[in-house]
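Enquirer: kindly generate the corresponding structure for this input.
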Amino acid sequence: MIVVSSEATGTKYDTSQRGLRALYPDYLAELADHMVDGDPRLELTTAQAWRWLVEVRGYDISRASVIYGMRALEYDNVLASREASGKGGYHKVYTRNLDRGALNAHVRSVIEAHLRQNFPTG
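Expert: This is a model prediction of the structure:
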């Protein structure tokens, strides 16, 4: 197993895994898949995402894990967000930033650039 790590988000590329599970914990990869492959108009707050992961998918995770995970997905350009007013103040509402093809191309380019920088040829 080779792991390439991003210090900014803690995102790691684990060559022993497939798909987004090579980059994120299972629950976060499943959430990203749900948002990237689902209806492009899908919008979720962290509370809605947490509820979907716990009640629908059966994960036993904290709200904080979902909050920090969705921030990492936004930082990694998988998700985009906007501020919306709601009960208790302003909240981030997340949407997909890239479709599946664009996401795959983005992940490949980031990993390839890292490899070229750290393992130059010649």
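Enquirer: neighbours around the nearest residue to residue 98 once chain neighbours are set aside, how many?
Expert: Distance criterion Cβ to Cβ, 6 or more residues apart in numbering; nearest residue to residue 98, sequence neighbours excluded, is residue 106 at 6.1 Å. Using the backbone N, CA and C atoms, a C-beta is placed for each residue, glycine as well. Per other Cβ atoms under 10 Å, the neighbour tally for residue 106 reads 15.
Enquirer: quick one, what contacts residue 108?
Expert: With contacts defined as Cβ atoms under 8 Å, 6 or more residues apart in numbering, residue 108 has no neighbours.
Enquirer: buried ones in stretch 59-66?
Expert: By 16 or more other Cβ atoms under 10 Å, the buried positions in stretch 59-66 come out as 59, 61, 65, 66.
Enquirer: and the residue nearest the centre of the protein?
Expert: Against the mean C-alpha coordinate of the chain, by Cα atoms, centre = their mean, the closest residue is residue 73 at 3.2 Å.
Enquirer: host element of that residue?
Expert: Element membership for residue 73 (DSSP states H and E) is helix 63-75.
Enquirer: ok, and for the helix or strand following that helix, which residues are buried?
Expert: Downstream of helix 63-75, the next assigned helix or strand under DSSP H and E is strand 79-86. Neighbour-count burial for strand 79-86 flags 79, 81 (criterion: 16+ other Cβ under 10 Å).
Enquirer: what strands line up against strand 79-86, and which way round?
Expert: Paired with strand 79-86 in the same sheet, following DSSP bridges, are strand 89-96 (antiparallel).
Enquirer: if you count neighbours, what's buried in the next helix-or-strand element following the strand it pairs with?
Expert: Next helix or strand after strand 89-96 toward the C-terminus (DSSP H and E): helix 100-118. Neighbour-count burial for helix 100-118 flags 103, 107, 110 (criterion: 16+ other Cβ under 10 Å).
Enquirer: would JSON lines of those with distance to residue 93 be doable?
Expert: Output for the buried residues of helix 100-118, formatted as JSON lines (distance: Cβ to Cβ, whole Å):
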{"residue": "103", "distance to residue 93": "20"}
{"residue": "107", "distance to residue 93": "24"}
{"residue": "110", "distance to residue 93": "25"}
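Enquirer: noted, bye for now.
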